[in-house]
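In: Need a 3D model of the sequence below.
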Amino acid sequence: MDTFISLSIGLTGFKRGALAPEDDTHDIKSLYLKTFVERVTQATVDDILLWYRLIDKQLLGNPPDREERVVTLLFADKPEYELPCRKLLFLWYAGAWPTVIDTPASTHGQTFSEVISADSYTQGLVWRVMQSHPMGSTTYNYGYWANPPPPLSAYLENPV
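Out: Take a look at the predicted model:
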């Protein structure tokens with residue numbers, strides 16, 4: 001799980017506290033790992049995480065953007081991992097698994113998505129980036145919109 005979260009940090013740009021908070025009532029990370037394995041295959045996910053760990057061990061120092069650098073090096077060494085990781089990125093942001101239609105039909109190149117669960121929809125990172133909340137679900141008190149929104153960092157760095 002730790003390597004999966006580290007990979008996810010590198011893909012999403014969100015900090016560990018946002019992706020894997022200590023008080024994690026939704027445990028969305030476990031759902032996303034399970035979905036990643038089911039949709040990509042256990043062998044591929046194991047290989048991606050293994051390569052991620054190997055590259056991480058080779059990176060010297062501890063730069064603040066370590067995870068992003070490891071992801072960049074991972075794709076340079078293993079470009080075939082880019083598509084599964086892009087789908088994982090989509091999952092973190094949208095709470096849905098994408099399917100890219102690659103046929104000569106009129107749907108060629110279109111992406112369709114399947115929402116994984118109600119929690120995955122409400123916990124999608126896109127809501128934090130928009131400083132918003134999904135329709136029908138909020139942790140804010142009535143009338144919150146009357147006050148100026150907190151800074152973007154409050155949404156990106158901390159669990160909502």
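
In: So which residue is dead centre in the chain?
Out: Note on the chain: the residue nearest the mean C-alpha position is Trp92, at 2.9 Å, using CA atoms, centre = their mean.

In: you'd agree it is up against Leu11?
Out: Yes - applying CB atoms under 8 Å, one finds Trp92 in contact with Leu11, separated by 7.0 Å. All C-beta spots, glycine's among them, are computed from the backbone N, C-alpha and C.

In: Name the nearest residue to Leu88, sequence neighbours excluded.
Out: In space, not counting the residues next to it along the chain, Leu88 is nearest to Phe36; the distance is 5.4 Å by CB to CB, 6 or more residues apart in numbering.

In: Show the subsequent helix or strand relative to the strand or helix carrying that neighbour.
Out: Per DSSP states H and E, Phe36 falls inside helix 28-40. Using DSSP H and E, the next helix or strand after helix 28-40 towards the C-terminus is helix 42-58.

In: tell me which residues in that following helix are buried?
Out: In terms of neighbour count (16 or more other CB atoms under 10 Å), helix 42-58 has its buried residues at Val45, Asp47, Ile48, Leu49, Trp51, Tyr52, Ile55, Asp56.

In: just stretch 19-31 next, same as before
Out: Taking 16+ other CB under 10 Å as the basis for neighbour counts, the residues of stretch 19-31 that come out buried are Leu19, Ala20, Pro21, Ile28, Lys29, Leu31.

In: From Ser117, how far off is the last one?
Out: Right, the one you point to is Leu31. Between Leu31 and Ser117 the distance is 7 Å, computed by CB to CB, to the nearest Å.
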